[in-house]
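A.B. asks: Next come a sequence and a model predicted from it.
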Amino acid sequence: MNRILLLGGSGILGSEVLRQLMLMGIEYVAPQSTELDVRDRDSLQTFARDFKPDWIINCTAWTNVDGAEKMFEAALGLNEGAVQNIAKVAKEIGSYVIHISTDYVFDGNSSNPYDENAQVNPLNNYGKSKLLGERALLEVLPTMAYVIRTSWLYGISGKNFVKSIATKAIRSESAQVIDDQIGSPTSARDLAIAITSILDNPPAVGIYNFSNKGRCSWYELARAIYEGVGVNPELVQAIRSPTVILKAKRPKYSLLSKKKWESTGLTEIPEWQSSLKSLLPEILTIIRASEKL
């Protein structure tokens, strides 16, 4: 029987993993950050020793890409230091770990989807901190750890691109969106289903890519959101990335190859358009409730 320690259970992804664990009837505990600071190894060790999880699913992360340029040490604290703590505690108590990483470990100079063995070369501090976290985990726990790299994550909870653009669409506002960065949006629900599928049928340990199938630019994604809301997509205006002043560089191409995941025979990977269509009504309900629309 699986016992799960879920870290970061209130975030975009963690809330969906929590939902899946409840649907599956799996025994779990999901402490809030106020209850357990994963950067504090002693506290994590005490908590894990008491609960004795078979699996630790780590959805905690510093996700402020631009903020990491100015506050790199803080980003490292969550994206590397905390992951190292999790790895050491997991090794001590014999737990497997599933950890979430990012397409931003790549520089975007490829013209082909990145597989798990592709050369890493992050362009920004966020990507660097996530790569260091991957390495810390796999160095300490090479035979009991899974790293899942994903991209352009969105969901019902937290702040994310889809919610931001959907809010503009509901208000019938115009939006200027970058059209020269290519990747694939990922539904947090799809990723959560993928993560929990590992629990009962674990594939070989290591790094896996998981994002929804297909490719698009941020601009194309924004137009699809406007269409899904029922608002004229012509309100979305395409702009080039050099015209936007951001602290952190982003990869121009970060499409992930899913061939390795597909070879496991675990969950199927939906197309990004169908996943967006499926989850968007729930996102709109949340937005309208918060906006009182």
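C.D. replies: Sure thing, it's come through.

A.B. asks: Low-confidence regions, the stretch 151-293 of the chain specifically.
C.D. replies: Scanning the stretch 151-293 of the chain for pLDDT under 70 picks out 292-293.

A.B. asks: Which parts of it are strands?
C.D. replies: Secondary structure of the stretch 151-293 of the chain by DSSP state E, counting those that start in this stretch: the strands cover 153-154, 175-178, 182-183, 186-187, 206-209, 216-217, 236-239.

A.B. asks: In TSV, list the ones you listed along with distance to residue 194 and mean neighbour count.
C.D. replies: For glycine as for every other residue, the C-beta is placed from the backbone atoms N, C-alpha and C. Conversion of the strands of the stretch 151-293 of the chain to TSV gives the following (distance: least, Cβ to Cβ, whole Å; neighbours: other Cβ atoms under 10 Å):
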stretch	distance to residue 194	mean neighbour count
strand 153-154	12	26
strand 175-178	27	18
strand 182-183	17	21
strand 186-187	10	25
strand 206-209	9	20
strand 216-217	20	20
strand 236-239	30	17
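
A.B. asks: Including distance to residue 285, could those strands go into CSV?
C.D. replies: Putting the strands of the stretch 151-293 of the chain into CSV (distance: least, Cβ to Cβ, whole Å) gives the following:
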stretch, distance to residue 285
strand 153-154, 15
strand 175-178, 21
strand 182-183, 26
strand 186-187, 16
strand 206-209, 31
strand 216-217, 24
strand 236-239, 22
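
A.B. asks: Which of those strands sits closest to residue 80?
C.D. replies: strand 206-209 (16.2 Å; Cβ to Cβ).

A.B. asks: For residue 181, see how far away the closest residue in space to residue 146 that isn't next to it in sequence is.
C.D. replies: Spatial nearest neighbour of residue 146, excluding adjacent residues (Cβ to Cβ, 6 or more residues apart in numbering): residue 98 at 4.6 Å. Residue 98 sits at a distance of 28 Å from residue 181 (criterion: Cβ to Cβ, to the nearest Å).

A.B. asks: Burial check on residue 32, number of neighbours?
C.D. replies: Around residue 32 there are 9 other residues, counting by other Cβ atoms under 10 Å.

A.B. asks: In terms of secondary structure, what does the longest helix along the chain contact?
C.D. replies: Scanning the chain for the helix with the most residues, using DSSP state H, yields helix 272-291. For helix 272-291, the packing partners by 3 or more Cβ pairs under 8 Å, 6 or more residues apart in numbering; DSSP states H and E come out as helix 161-170, strand 186-187, helix 188-200, helix 218-229.

A.B. asks: Buried residues of the third one, list them for me.
C.D. replies: Within helix 188-200, the residues that qualify as buried by neighbour count (16 or more other Cβ atoms under 10 Å) are 188, 189, 190, 191, 192, 193, 194, 195, 196, 197, 198, 199.

A.B. asks: so residue 126 touches residue 70, yeah?
C.D. replies: No: between residue 126 and residue 70 there is no contact under Cβ atoms under 8 Å: 11.3 Å.

A.B. asks: what about the two, which has more around it?
C.D. replies: residue 126 (26 against 12).

A.B. asks: Show the contacting residues for residue 233.
C.D. replies: By Cβ atoms under 8 Å, 6 or more residues apart in numbering, residue 233 lies in contact with 223, 224, 226, 227.
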